[in-house]
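> No sequence on hand, only this structure:
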């Protein structure tokens, strides 16, 4: 088991790793819209929050030795399901023709007032 931490994504805010590699899989912890320098994008639009989360996803995947086209499963937690169209548009542009399995879970509230959080599982 290998614990992943990259300075190209925000530091964990608690007792967890950005990701864990076990066997041929990478398990990514919940990713929030926080810049690598620690800026919390709580006042950003759903589009901007989603873009930052996906940048963080790319950085963590790279540190683990994987890429976005190897993502198997994504879970998206969203605080306002009416924003799903916007989130899905950014998500679709990011993944292109790759279509990982996905769950969308409406929740209230999220950490620090964020609108979205994402976790993923990827292959190496």
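Yep, it's here. Just so it is clear, the structure is predicted and the values come from calculations on it, not from any experiment.

> Residue 29 and residue 13 touch, don't they?
No. Using C-beta atoms under 8 Å, residue 29 makes no contact with residue 13, being 9.9 Å away. C-betas here are computed from N, CA, C, even on glycine.

> just checking, what packs against the lengthiest helix in the chain?
Ranked by number of residues, the top helix in the chain under DSSP state H is helix 46-64. For helix 46-64, the packing partners by 3 or more C-beta pairs under 8 Å, 6 or more residues apart in numbering; DSSP states H and E come out as strand 2-4, strand 19-22, strand 25-31, helix 84-95, strand 116-123.

> looking at these, which is closest to residue 77?
For residue 77, the closest of the helices and strands packed on helix 46-64 is strand 116-123, at 4.4 Å, according to C-beta to C-beta.

> Pull out the buried residues from the closest one.
116, 117, 118, 119, 120, 121, 122 (16 or more other C-beta atoms under 10 Å).

> and it, which strands flank it?
Using DSSP bridges, strand 116-123 pairs in its sheet with strand 25-31 (antiparallel), strand 71-78 (antiparallel).

> Need the contact partners of it.
24-33, 46, 49-50, 53-54, 57, 61, 64, 66-67, 70-79, 83, 87, 100, 110-111 (C-beta atoms under 8 Å, 6 or more residues apart in numbering).
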